[in-house]
Structure formats: structure tokens, C-alpha cells
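Asks: quick check, what structure comes out for this input:
(chains A, B, C and D)
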Protein chains: 2
Amino acid sequence: MVIDSPAKADRDRLNLVFAALSDPIRRGMLEQLAAGETSISRLAEPYDVSQPAISKHMRVLERAGLISRTKQGREHRIRVNTAPIEQARGWIGVYARLWKEQFDAVDEYLKIRRKRKGHNT
Amino acid sequence: MVIDSPAKADRDRLNLVFAALSDPIRRGMLEQLAAGETSISRLAEPYDVSQPAISKHMRVLERAGLISRTKQGREHRIRVNTAPIEQARGWIGVYARLWKEQFDAVDEYLKIRRKRKGHNT
DNA sequence: AGAATCAATAACCATATGGTTATATATTGC
DNA sequence: GCAATATATAACCATATGGTTATTGATTCT
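Replies: As a prediction, the model looks like this:
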């Protein structure tokens, strides 16, 4: 049983979102954005990488639609977009539940078997 | 404000889990596993790629801890492991909530401002 | 006006990725 | 016993990734 595949655009977006989340620096940046909008240089502070590397990470997050930016003077103000992360959460939520149900069914079945065996012994 | 970073092992695992989820073929395989344990050749059926490509995808899922396998004759029986996906869900859940609270705070603030402006007009 | 700061891009590098074909091994079915 | 099936790995290929230094342009600060 496979739930209807999402539209191609949604699939492509999920590719980008999960890919963006696969790097600890990018996850760390999103974690920082939980505290609110901030600048790129502030987001970069915890990391010992070059500024062009930071720029690349920002690009990946942006391509995934996870952040958007405005410019104030020379500073880019970065904020998180929740829609793509909700989409990822939705995907995981649906399947985590189905996977868990599968395990619960197995557990239930094993429980019954154990009770029967115990009884027979 | 940044929530305490998880242990390095947890971080590395999240890297692998999100990376594994960034490919539509691998997500599709996990979706199929929601229906229960199955063979690799069955998981491969919907895809028009070579068998070694399938093997590589299985390897990525396995390295992320998302699946485990047993062997029955020549067939590998694949099942999903829920722990890593729960870990990813946990990470997304924590931050999705924080990001949303951030937007709710902004919305609330803008609402109050709009009411004041409307009143003054 | 010029230094300092913020950030992007180009070019380069090493490694990883996702596909292929060829080949090998294990197991089942006839 | 041999063909068929299931699956892994090697080698190859094109592309992507994540880092670097150098350079550039925009903006702010002194």
C-alpha cells in the first residue's frame, strides 16, 4: 500500500528540504532562527568555516525554500519559512505513524503468541 | 537561543537520516515499507533503474539505520526501523513549534498594531 | 574619502552521489 | 545439474557537494 504520490513539485521540494537538513551547519542555522530573524554573519558565528562556505549553505537553505531574506543596508536579514518544514514534518508524520502501527501489530501478535505459549507450557 | 546540541553521534545520525530522505526513490521505498516487511526486488519494482542502483539506495538507508534486513534463501527481507525516523521527527517537531511560535508572536504583534491603527483612523 | 564590514561569485580541489555495465555469489525451481 | 532469480561489488562516468582563496560590489563608519 502506497499513499498517493505527491505532485512532482512537492516531491522535488521534499528532496531539497531533506537535503538541506542533512548538514549540521544548516540545521544549526535553522535552530538559531527559532529565536527570530537575524543576519547572516550572526548565523555564521558558531562555525569555523569561511564566509563563502556560509554563503553556499545559505543558498542551499534558500533553494529549499526554508529561509527568505531581506536586505537592510549591507546586512541580509534572514528569516525561516515554515511551510517547507511543515511539509517534511507531514511526510514523516504520516509514515512514522504507519511504521509504528506495523510494529504495534507485530508486537500485538507476538504478545498473543507468548500468552498462548506460556499457557501451554 | 539554541537548544543544547545533541551528542555528536545523534548529529551524525541526523545527517545520514535526512540525507537518506533526500532522494525520492528512497522515500518511496520507505513508503512501501509502511505496508510491512518485503523483499528488495519488490521494493525495486516501481523504479526504472538498474539493480545495482537499487542496491546502493538500500545501502544508504541501511547506513542511516532506517532499515534492517534478514535473509531468507536468496531473498533479503527488509523492514523499517522507526527509531531514526522518530529522531528526525523529534528534531523537526521541536523547531517547527519554535518557528511557528515566532510567527505567531509576529502575527499577534501586527494584529495589535492593526487594531490601534484602525482605532486611530 | 577611505577603511571596515557584509555578502556573493568564480575558480579550484577532494570527496560524494547516483546512475550504468560487467561480474560474482547464493539460492531456488524445474 | 542447470537455468533462473536475488543481490552485492567493482569500475566507470557525469554531476553535486562542501570546503578553500581571491575578488568584487554594496553599505556603513570614522
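Asks: give me every residue in chain A lying close to DNA strand C.
Replies: A:39-41, A:44, A:51-52, A:54-56, A:58-59, A:69, A:74-76 (C-beta under 7 Å from any atom of the strand). Placement of C-beta: from N, CA and C, glycine included.
Asks: now the residue lying closest to residue A:83 once chain neighbours are set aside: how far from residue B:87?
Replies: Distance criterion C-beta to C-beta, 6 or more residues apart in numbering or on different chains; nearest residue to residue A:83, sequence neighbours excluded, is residue A:65 at 7.1 Å. Counting by C-beta to C-beta, to the nearest Å, the separation of residue A:65 from residue B:87 is 23 Å.
Asks: residues near residue A:67, how many?
Replies: 24 (other C-beta atoms under 10 Å in any protein chain shown).
Asks: contacts only, for the nearest residue to it once chain neighbours are set aside.
Replies: Leaving out its chain neighbours, the residue that sits closest to residue A:67 by C-beta to C-beta, 6+ apart is residue A:61, at 4.7 Å. Contact partners of residue A:61, counting by C-beta atoms under 8 Å, 6 or more residues apart in numbering or on different chains, are A:20, A:26, A:29, A:30, A:67.
Asks: run the last query once more with 6 Å
Replies: Listed by C-beta atoms under 6 Å, 6 or more residues apart in numbering or on different chains, the contact partners of residue A:61 are A:20, A:26, A:67.
Asks: quickly find the element holding it.
Replies: helix A:51-63 (DSSP states H and E).
Asks: list the buried ones in the next helix or strand after that helix?
Replies: Using DSSP H and E, the next helix or strand after helix A:51-63 towards the C-terminus is strand A:67-72. The neighbour-count check on strand A:67-72 (16 or more other C-beta atoms under 10 Å in any protein chain shown) flags residue A:67 as buried.
Asks: any weak-confidence spans in chain A?
Replies: Scanning chain A for pLDDT under 70 picks out A:1-6, A:105-107, A:109, A:113-121.
Asks: elements contacting whichever strand or helix holds residue A:25?
Replies: Secondary structure from DSSP H and E places residue A:25 in helix A:24-33. Contacts defined by 3 or more C-beta pairs under 6 Å, 6 or more residues apart in numbering or on different chains; DSSP states H and E place helix A:24-33 against helix A:51-63.
Asks: okay, the angle between the helix it packs on and strand A:67-72?
Replies: 120 degrees (axes from the mean of the first three to the mean of the last three C-alpha atoms, to 10 degrees).
Asks: quick check: residues of chain A near DNA strand D?
Replies: A:19, A:22-23, A:25, A:48-53, A:56-57, A:60, A:71-74.
Asks: selecting buried members of those in ChimeraX, what would you type?
Replies: Selection command for ChimeraX covering only the buried members of the residues of chain A next to DNA strand D, criterion 16+ other C-beta under 10 Å:
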select /A:19,22,23,25,57,60
